[in-house]
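Participant: test case, fold it:
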Amino acid sequence: MDLNEMLHYAFIQRALIAGSFIAVLCAVLGVLLVLRRLSLIGDGLAHVAFGSVALGLVLRVSPLYASIPLVTASSLGILKLMEKARIYGDAAVGIVSSLGIAGGVLLASMAGGFNVDLFSYLFGNILSISLGDVITSIAVSSIVLLVVYFYYHDILSLTFDEEFAKASGINAARINSIIVMLTAVTVVLTMKIVGVMLTSALLILPAVTAFQVARGFGKAIVIASAVSLFSVFAGIILSFSMNLPAGASIVIVNFLLFAFMFACRGIRSTVKKQ
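Facilitator: Reported below is the predicted structural model:
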């Protein structure tokens with residue numbers, strides 16, 4: 001089956017449209033999180049998302065409606081632990097992450113064990129998303145990207161020199177809250193594509209790939225977005241044509257791009273030394 005024929009399928013079109021918006025969203029936030037050494041927050045919130053999905057299935061409500069408020073509250077909880085409890089970011093993420101996964105296991109057990117719906121969120125399946133999921137992805141992604149654009153200069157200042165940013169009058173607490181809340185919403189959207197288990201990969205890999213070649217914050221965002229978009233497109237096509245899991249295919253393509261960029265950087269450094 002050639003690419004043109006594949007693109008005529010409605011579910012492929014839905015996957016590509018929703019995947020494109022979420023890919024750019026993950027790339028932009030991923031650059032911010034990696035630079036601020038908060039990249040593991042995506043993994044921690046993904047575990048919380050697992051618990052919230054289990055809660056949604058137990059209460060028989062949409063997992064999306066259960067996940068957004070709970071994961072957002074957890075992201076703010078991580079931030080407060082870092083600020084008030086005097087613990088490092090990775091420890092705060094670990095506390096909330098372990099609580100989220102434990103809650104999910106308990107809820108799944110109370111509901112009679114793991115079922116097909118819960119597993120679909122654990123490992124993701126972008127090829128099964130509905131038109132409603134596409135509209136939600138476009139709307140939420142657009143809102144989050146507009147917020148990042150509006151606070152771009154404040155976020156940039158805090159990322160590279162927080163003390164100077166505070167001295168300049170920037171409300172660091174508000175900006176940090178915005179960043180973690182946007183990350184929470186992104187995690188909830190991403191789990192439908194690659195699943196809870198692989199969500200952090202879509203946030204981290206495009207960013208670290210871009211850092212291998214990018215010179216400057218703006219260029220890193222552009223390159224990360226391009227890498228993320230290509231990974232989603234290639235992963236979906238590979239998944240459909242070879243009957244492979246879509247989420248895992250997207251992550252593998254992402255990693256191969258990182259490995260390629262890393263190798264190119266090494267070769268360039270070797271050539272320069274000679």
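Participant: phi, psi of Gly216?
Facilitator: Main-chain dihedrals, Gly216, degrees, to the nearest 10: phi 120, psi 150.
Participant: wait, Ala224 sits on Leu32?
Facilitator: No: shown here, Ala224 and Leu32 do not form a contact pair, counting by Cβ atoms under 8 Å, at 10.2 Å. For glycine as for every other residue, the C-beta is placed from the backbone atoms N, C-alpha and C.
Participant: more neighbours: those two, which one.
Facilitator: More crowded of Ala224 and Leu32, by other Cβ atoms under 10 Å: Ala224, with 27 against 23.
Participant: tell me how far the more buried one lies from Ser269.
Facilitator: 21 Å (Cβ to Cβ, to the nearest Å).
Participant: and for Lys192?
Facilitator: For Lys192 relative to Ser269 (Cβ to Cβ), the value is 39 Å.
Participant: contacting residues around Leu131?
Facilitator: Neighbouring residues of Leu131 by Cβ atoms under 8 Å, 6 or more residues apart in numbering: Arg14.
Participant: and if you look at the one 3 residues further on?
Facilitator: For Val134, the contact set (Cβ under 8 Å, 6+ apart) comprises Arg14, Ile17, Ala18.
Participant: can you flag which of the residues you listed belong to helices?
Facilitator: Members of the contacts of Val134 lying in helices (criterion: DSSP state H): Arg14, Ile17, Ala18.
Participant: neighbour-wise, which of the residues you listed leads?
Facilitator: In the ones in helices among the contacts of Val134, the most neighbours by other Cβ under 10 Å go to Ala18, 25 neighbours.
Participant: hmm, it is touching Ile129, no?
Facilitator: Yes: counting by Cβ under 8 Å, Ala18 touches Ile129, with 5.7 Å between them.
Participant: what's the overlap in contacts for these two?
Facilitator: With Cβ under 8 Å, 6+ apart as the test, Ala18 and Ile129 both reach Ser137.
Participant: can you tell me how far Ala102 sits from Phe123?
Facilitator: Distance check for Ala102 against Phe123: by Cβ to Cβ, it reads 20 Å.
Participant: swap that for Ser75, sorry
Facilitator: 23 Å.
Participant: swap in Ser231?
Facilitator: Distance of Ser231 to Phe123, computed by Cβ to Cβ: 17 Å.
Participant: looking at those two, which is more packed in?
Facilitator: Neighbour totals were compared for Ser231 and Phe123, and Ser231 leads with 30 against 16 (other Cβ under 10 Å).
Participant: Three-state assignment for the more buried one, please.
Facilitator: Under DSSP: H, G, I helix; E, B strand; the rest coil, Ser231 falls in the helix class.
Participant: just to check, it is in contact with Asn254?
Facilitator: Yes: if you go by Cβ under 8 Å, Ser231 and Asn254 touch, sitting 4.3 Å apart.
Participant: pull up the overlap in contacts between these two.
Facilitator: With Cβ under 8 Å, 6+ apart as the test, Ser231 and Asn254 both reach Leu202, Leu205, Pro206.
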